[in-house]
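Visitor: Sharing a model that was predicted from the sequence below.
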Protein chains: 2
Amino acid sequence: MIGVWDTVELEFEGKTAGNPFTDYEIYGEFTCGNGVKKASGFYDGDGVYKIRFMPEQEGCYSYRVYGSFSDKEFCGSFEAGKATSSGPVKAKGRHFVYSDGTPYYSIGTTCYGWSNQREELQDQTIDTLRESSFNKIRFCIFPKHYDYNYRDPARFPYIGTPVSRVGINKFTFEDYYNISPENKWDLTRFDTEYFKMIDRNIVRLMELGIEADLILFHPYDRWGFSNMPAEANELYLKYVTARFSAYRNVWWSLANEYDLCKSKTIEDWENYADIVTKNDPYSHLISIHNCVKLYDFTKPWVTHCSVQRQVGENELDNIYSWLDKYNKPIVIDEMCYEGNIEQYWGNISGQEMTRRMWKTVVLGAYPGHSECYLNEDIWWSHGGRLYGESYKRFGFLHRIMSEIGFLHPVDYTAAENTDGSVRLEYYGEHRPCYKIFKLGDERCRIEVIDTWGMTVEDMGIHSGNVKIELPAREYMAVRITKQR
Amino acid sequence: MIGVWDTVELEFEGKTAGNPFTDYEIYGEFTCGNGVKKASGFYDGDGVYKIRFMPEQEGCYSYRVYGSFSDKEFCGSFEAGKATSSGPVKAKGRHFVYSDGTPYYSIGTTCYGWSNQREELQDQTIDTLRESSFNKIRFCIFPKHYDYNYRDPARFPYIGTPVSRVGINKFTFEDYYNISPENKWDLTRFDTEYFKMIDRNIVRLMELGIEADLILFHPYDRWGFSNMPAEANELYLKYVTARFSAYRNVWWSLANEYDLCKSKTIEDWENYADIVTKNDPYSHLISIHNCVKLYDFTKPWVTHCSVQRQVGENELDNIYSWLDKYNKPIVIDEMCYEGNIEQYWGNISGQEMTRRMWKTVVLGAYPGHSECYLNEDIWWSHGGRLYGESYKRFGFLHRIMSEIGFLHPVDYTAAENTDGSVRLEYYGEHRPCYKIFKLGDERCRIEVIDTWGMTVEDMGIHSGNVKIELPAREYMAVRITKQR
C-alpha cells in the first residue's frame, strides 16, 4: 500500500505523432476529502505518458487524468495509508523539519556530476553514501564540464550529438561563452533514459534517507545547456518539475554559482523560480547558490539560503548577521572542501573541513562537505569513494546536533538550544587549558567534547563558578546541560 | 665619539625648592650648520636635570641649555660622527625604512608589562629577545592589572602608595571604572627610579636592534593611571617625550585598546597626539591601537596603522582594503597569540600563529606575535622565557622578507615585490598537491618554501606553463623569481 509522502506513478499510452514533449499535455487532478491537487505529467518515451503524485494526507484519493495526450480521460482511486517516512523537509523559522514535525539536521555533501557517471560508479557512490552520515547530497541535472571533468557523461539529456572531446583537457569560461557549433541538440526532445537514470538515483537516495538537492542550471558547460533559448529553459523546468516533484526528498536549487551564469539575468532567475514553484504542487524547498554575490534571499519564494562562502572573507562568521537579515535556514553548501587539488577551494585538511562544519553548526546554520583528493574520480564531481578523514566525523556531529536540538548562536563561539537548557561552546582552533563557567544557581552537567576524537567526557554536575580543565588541544567543545 | 642617531645626554644641577617636576623648565637648543633643534629636558631626581638629544646629521653641534631650572645658562658643543646604526624607523609609503634608507621588515612581539617586573625577569626577557628574531617589542609604560597580572610592579611611576593587593585575584573593568580611593598618589611627582628602569630597558633593546613600541595609556588598571586628570596626563606625556624621544628605537603608541579607555574621548586622544608630536623633536613613529573599532588612521599625525584584528571577522583579509584606504604601513600587533590560556585571543597553536604571521606578510602588512602559555610568568605580560613553537620560525620569515623586499599584495594569497621581479604565493591552510604557473616568456626560478619546516627547495628555472609538484601539506609557499 501507498503511504503518505510516497510516490504514486500512473502510466498511460498516448499520442506519438509529431513531438510528444511539446505537442501534448497531460494533467492529473487528485481529490481527497475537500482537497484537490493538480499535477502535470510528462512524456517518458515509447508512447508512454506518466503522472507522478505524492499524497500528503491519509485517506482515499480519486483522480482524473486528462489532456491533449489522449482523446480519452482516465479515472481511478487509491488509498493513502500511514506514512512510512517523515515526509519532505520544510523550513521552520531558521531551521528545518520533516513534514511530520521531526527535526531535520542537515549535513550535506556535494557530488555535482555523480548521477550521470558510468553505472558502476553511480552504484559505488550509493554504497559510499549508505556507509556515510550525510542526509543531503547536492548534484546537477545537466552534465558538468570543468577541470578534472572532461569525459562525456554516460548519456545526454537531449537527443542529438555533442561536441567532440578531442583536445579538451582544460576548462575555460570561453567553452561556456562560446559554445561550439559542433553541438547538435534537439532541445525539444529529452533523452528519457537520461532522466530515468536521475529518477532511479533520487529514489535510491530516498531509500537511504538522503535529500536530493537538485541543481537545475550551472555554468560548467561545453554543450550549451547553460545557454539555451528561453523556450527551451521553460520546457526543461516544466519537465523536471513534472518528473521529480512527487519525490519527497527533492530540493530545488535553481543554480550553482548563478552569478557565473552570464547569459541569465536576475529577471530570468525570478522567472525560473516562478515556473518551478507554480509547477511543483508540494512546495519543495527551493533556493539558489552563489559564487561570490549572495542572491537576494529576502525574496518570498526562497525557502532557505544556499550559500558559498566567499574568497578572502572567511565569512562563516557572517552567518551570525545573515540569520537576522534573512530569518531563514542557512545552508553553507560550500566552505572549501577537504582534498589536495590545485584550487584553494578543494584542498583543506580533514581537520579544517571538520572545524568549518562544527563552526557552521554552532553559528546556527547547516554545513556542507565535499572531497577533492586527486584521483581518476573525485567525490566532489564524480562520486565514487571517499579518501579523507572528515566524513568519518559527521555521524558524531549529527548525534550531538540531534541530542541538543536546534541551535541558536549567542555569539561567534557558542549556541543555545531553543529552550535555553543546553549551551554548546565550540573552540575550534583555540586551545584553552581550562574554562571558567558561571552557572549561578543552576545545576548543570558539563561535558567536554572532542569533535575530532569523537568522545564526550562527563565532567559531572556543577553550579556556581566552576573551573573545568581542558586538554589544550584544537577542536574541543563543551556542552552545558541544565538539570531539571 | 657620538654617532648620528646616538643619544647625547647632558646633566645639570638645578633648583630643588618646591616641586621640580612642575615648578621649573629646562630646554636645550642644538645647532648644527643651519639647523636648530629644540628639546625639552626633564627632572631626574636628586637635584639633577637632564637633556637628551639625538643628532640627525654628522657635524659639529653647539648647544645652549636654559630655563627656570637654573639661574644660569649652559653652553657647549660636541661632534656627531658617522652613524653606528641605521637610525630611527620611518614610514615610507606602506612600508618602513630606517633613517639611512635600509628597509625595516617589522616582526614584533608583545610583552605588555615586562619592563616593570622584578629585575631578574627583565634580564631573562632581554636574554630571550637576544636569542629571538623579533625586531620590535610592544610594552606599556604604566603597570598592568589584568587576568594573570595581579602582582604589583617592581616600582610605581609616581610617589605614593597603591591600593592593597589583598583579595585581588580577578580583573574586572569595575576595577578600572571605580579606582579604589585607597590609592594615594602624588601625580605631580614621578618616581624617577621607575623611569630609569624604562630608560635602561629601551637602551638594552636598542643595543639588540629592537624597536621599543611604547604604550602610553591602557585600561588595565587598579591604581588610577588610566583615569588621571587632564593636567596629570599632560605632565606625564611631556615627561615621557622629554625623557625617551632621544632614543632612536622609540615608537609611540598612544594607547592599547583606546576604545576600552572609557574616560578618554577622541578629542582627548587627538590632544595627546598633539602633545606628543609637539614635544618629540624627531617625529618618531606614532599610532594608536584598538580593541574593536579601528582608530581613524587617516589622521595626519598617524604614521602607521596599529591594529588588533577583531573577534568574529578574521579580518586579516581586510588588510587588503585597508592598504588602499589608509595608504600607510599596517602593523597587526594582535591577531591572537600562541598559547593555552582560557581567553580565545591567547590560545592558538604555534602553527596557527605562524600561519597568521605569514598571511599578514603576504598581505603586505607587518605581523605581531605573543605567547600565553599558562605559567607563573606569561610572555605576553611578564616576559621571561618562551615555551612555544612559532617564535623559532620568525628568523626564517624575516630572511625571506629581506630577500624579496617590500611586498605588495596582488590578491589574498599572493604578493609581489616593488619591481615585480619576485612573486610570493602563500597557501596557508590550503594543501595543493601541485600548482600550474603561467610564466609566459619569462625565465623564472621557482622555489618551494615550507614555512613551518623552514626549508627552501629549488625547483629550477622554467618558462611557459609549468606544473610544479607540491607536498600537499599545510603552510607551504612558492617564490617565483624572474631571471635577469
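Guide: Thanks, I have it. If you're wondering where the values come from, they're calculated on a predicted model, not measured in any experiment.
Visitor: the domain parsing of chain A - what is it?
Guide: Taking automatic domain parsing as the reference, chain A has its domains at A:2-81, A:89-406, A:427-482.
Visitor: okay, those domains in a markdown table with distance to B:Lys438 next?
Guide: C-beta coordinates here come from the backbone N, C-alpha and C atoms, glycine included. Shown next, in a markdown table, are those (distance: least, Cβ to Cβ, whole Å):
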| stretch | distance to B:Lys438 |
| --- | --- |
| domain A:2-81 | 45 |
| domain A:89-406 | 12 |
| domain A:427-482 | 34 |
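Visitor: deepest of these, which one?
Guide: Neighbour counts averaged per stretch over the domains of chain A are highest for domain A:89-406, at a mean of 20; criterion: mean count of other Cβ atoms under 10 Å in any protein chain shown.
Visitor: re the thing from before, now mean pLDDT and distance to chain B too, for the domains of chain A, in a markdown table please.
Guide: Formatted as a markdown table, the entries for the domains of chain A read as follows, by pLDDT from 0 to 100; distance: least, Cβ to the nearest Cβ, whole Å:
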| stretch | mean pLDDT | distance to chain B |
| --- | --- | --- |
| domain A:2-81 | 97 | 40 |
| domain A:89-406 | 95 | 4 |
| domain A:427-482 | 97 | 4 |
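Visitor: OK, contacts around the residue nearest the centre of chain A?
Guide: If you average the C-alpha coordinates of chain A and look for the closest C-alpha using Cα atoms, centre = their mean, you land on A:Asp213, 2.6 Å from that point. With contact taken as Cβ atoms under 8 Å, 6 or more residues apart in numbering or on different chains, A:Asp213 is in contact with A:Gly108, A:Lys136, A:Ile137, A:Arg138, A:Phe139, A:Trp251, A:Ser253, A:Ser306, A:Asp333.
Visitor: Next, check those residues against the helices and list the overlap.
Guide: By the criterion of DSSP state H, membership of the contacts of A:Asp213 in helices covers no residue at all.
Visitor: just curious, which of these is nearest to B:Ile2?
Guide: The shortest separation between B:Ile2 and any of the contacts of A:Asp213 is 67.0 Å, and it belongs to A:Asp333 (by Cβ to Cβ).
Visitor: Surely the closest one and A:Gly108 touch.
Guide: Yes: with contact taken as Cβ atoms under 8 Å, A:Asp333 and A:Gly108 are classed as touching, separated by 6.4 Å.
Visitor: Quick check: neighbours shared by the two?
Guide: With contacts defined as Cβ under 8 Å, 6+ apart, the residues shared by A:Asp333 and A:Gly108 are A:Arg138, A:Asp213, A:Gly368.
Visitor: Hmm, the last one is touching A:Asn135, no?
Guide: No: no contact is recorded between A:Gly368 and A:Asn135 when judged using Cβ under 8 Å, the distance being 11.3 Å.
Visitor: which neighbours do those two share?
Guide: With Cβ under 8 Å, 6+ apart applied, the overlap between the contact sets of A:Gly368 and A:Asn135 consists of A:Ile107, A:Gly108.
Visitor: related to what we said a few turns ago, a markdown table for the shared contacts of A:Asp333 and A:Gly108, including distance to B:Trp358?
Guide: What follows is the shared contacts of A:Asp333 and A:Gly108, written out as a markdown table (distance: Cβ to Cβ, whole Å):
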| residue | distance to B:Trp358 |
| --- | --- |
| A:Arg138 | 33 |
| A:Asp213 | 37 |
| A:Gly368 | 28 |
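Visitor: Which members of these occur in strands, if any?
Guide: Mapping these onto strands (DSSP state E) picks out A:Arg138, A:Asp213, A:Gly368.
Visitor: contacting residues for the last one?
Guide: A:Gly368 makes contacts with A:Ile107, A:Gly108, A:Thr109, A:Thr110, A:Lys136, A:Arg138, A:Val331, A:Ile332, A:Asp333, A:Glu334, A:Met335, as judged by Cβ under 8 Å, 6+ apart.
Visitor: which residues does A:Ala365 contact?
Guide: Listed by Cβ under 8 Å, 6+ apart, the contact partners of A:Ala365 are A:Ile319, A:Leu323, A:Pro329, A:Ile330, A:Val331, A:Ile332.
Visitor: Not counting its neighbours along the chain, what's nearest A:Val65?
Guide: A:Phe74 (4.2 Å; Cβ to Cβ, 6 or more residues apart in numbering or on different chains).
Visitor: how far away is the one you found from B:Tyr61?
Guide: Using Cβ to Cβ, to the nearest Å, one obtains 109 Å as the distance from A:Phe74 to B:Tyr61.
Visitor: Then A:His408?
Guide: Relative to B:Tyr61, A:His408 is positioned 69 Å away (Cβ to Cβ).
Visitor: what does A:Asn233 give?
Guide: As for A:Asn233, its distance to B:Tyr61 is 83 Å (criterion: Cβ to Cβ).
Visitor: for A:Ile436, same thing?
Guide: 58 Å.
Visitor: Please identify which helix or strand holds the closest residue to A:Tyr366 other than its chain neighbours.
Guide: Taking Cβ to Cβ, 6+ apart, and ignoring the residues beside it in sequence, A:Tyr366 has A:Ser106 as its nearest neighbour in space, at 3.9 Å. Counting by DSSP states H and E, A:Ser106 is held by no secondary-structure element, helix or strand.
Visitor: and A:Ser106, what does it touch?
Guide: A:Ser106 sits next to A:Val89, A:Phe96, A:Asn135, A:Lys136, A:Glu211, A:Pro329, A:Val331, A:Tyr366, A:Pro367 when contact means Cβ under 8 Å, 6+ apart.
Visitor: Equivalent analysis for A:Arg431, please.
Guide: Contacts were defined as Cβ under 8 Å, 6+ apart; by that measure A:Arg431 touches A:Ala472, A:Arg473, A:Glu474, A:Met476, B:Gly339, B:Asn340, B:Asn347, B:Ile348, B:Ser349.
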